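**Q** next input, structure requested:
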Amino acid sequence: MTSGASIRPEQLVFALIRSDLHWISTPTRRVIQLLATSAPREMSAHRLARWSGLGNRHQLARALARDGLPSLADLRSWIRLVGWVLAWESDRSSLYRLAIAQNLNPAVCFRMIKRLTGSRWSEVRSRGVAWVLLQFRDRCVIRTTGVRSVTLSRRQHGGR
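**A** As a prediction, the model looks like this:
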């Protein structure tokens, strides 16, 4: 028997992404927190922007780009994927059941995973959440104060 409070899966998704993207601004962090913990997929970009302290969806898009993150639609997809892989790792939940529980079309979810990662769901889930987070981080770009930007990629550091 364990003691202490347990962390909810949504909180774990947020904590994992936040720790992996240590450079992001406070408004962007708030958007990720809302998407990871409670945002319905129908929540508009405008509402997300207002909740995070930004004026509108255009400012939100600029904040995401400034922090080197993908578009809001892709960010939602990556956050959802991290949650699905965590669910698979914890209780072997099928993607079909996870999609249905979230009122999503399972076929669309399978295609989304292939589009984001280049891999099938069976490959993604076997590689695990750490691999998914690395794939996500590799697609993020940290803007530097100068003209050049730095892409975090294992390929630059001798990885595959």
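**Q** backbone dihedrals for the residue most central in space within the chain, both of them.
**A** Centroid-nearest residue in the chain: Ile79, 2.7 Å away (criterion: Cα atoms, centre = their mean). Dihedral pair for Ile79: phi -60, psi -40, per degrees, to the nearest 10.
**Q** was I right to think it contacts Leu34?
**A** No - contact criterion Cβ atoms under 8 Å: Ile79 and Leu34 do not qualify, at 9.9 Å. For the C-beta atoms, the positions are set from N, CA and C on the backbone; glycine is no exception.
**Q** which ones are touching the residue nearest to the centre of the chain?
**A** By Cβ atoms under 8 Å, 6 or more residues apart in numbering, the contact set of Ile79 is 13, 17, 32, 35-36.
**Q** show me those that map onto strands.
**A** Counting by DSSP state E, the contacts of Ile79 place none of their members in strands.
**Q** pLDDT, neighbour count and distance to Ile24 added to the residues you listed, as TSV?
**A** Listed next are the contacts of Ile79 as TSV, based on pLDDT from 0 to 100; neighbours: other Cβ atoms under 10 Å; distance: Cβ to Cβ, whole Å:
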residue	pLDDT	neighbour count	distance to Ile24
Val13	78	25	15
Ile17	79	22	9
Ile32	87	25	7
Leu35	85	24	13
Ala36	83	23	13
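**Q** okay, those residues in a markdown table with distance to Trp131 next?
**A** Converted to a markdown table, the contacts of Ile79 look like this (distance: Cβ to Cβ, whole Å):
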| residue | distance to Trp131 |
| --- | --- |
| Val13 | 15 |
| Ile17 | 14 |
| Ile32 | 19 |
| Leu35 | 21 |
| Ala36 | 18 |
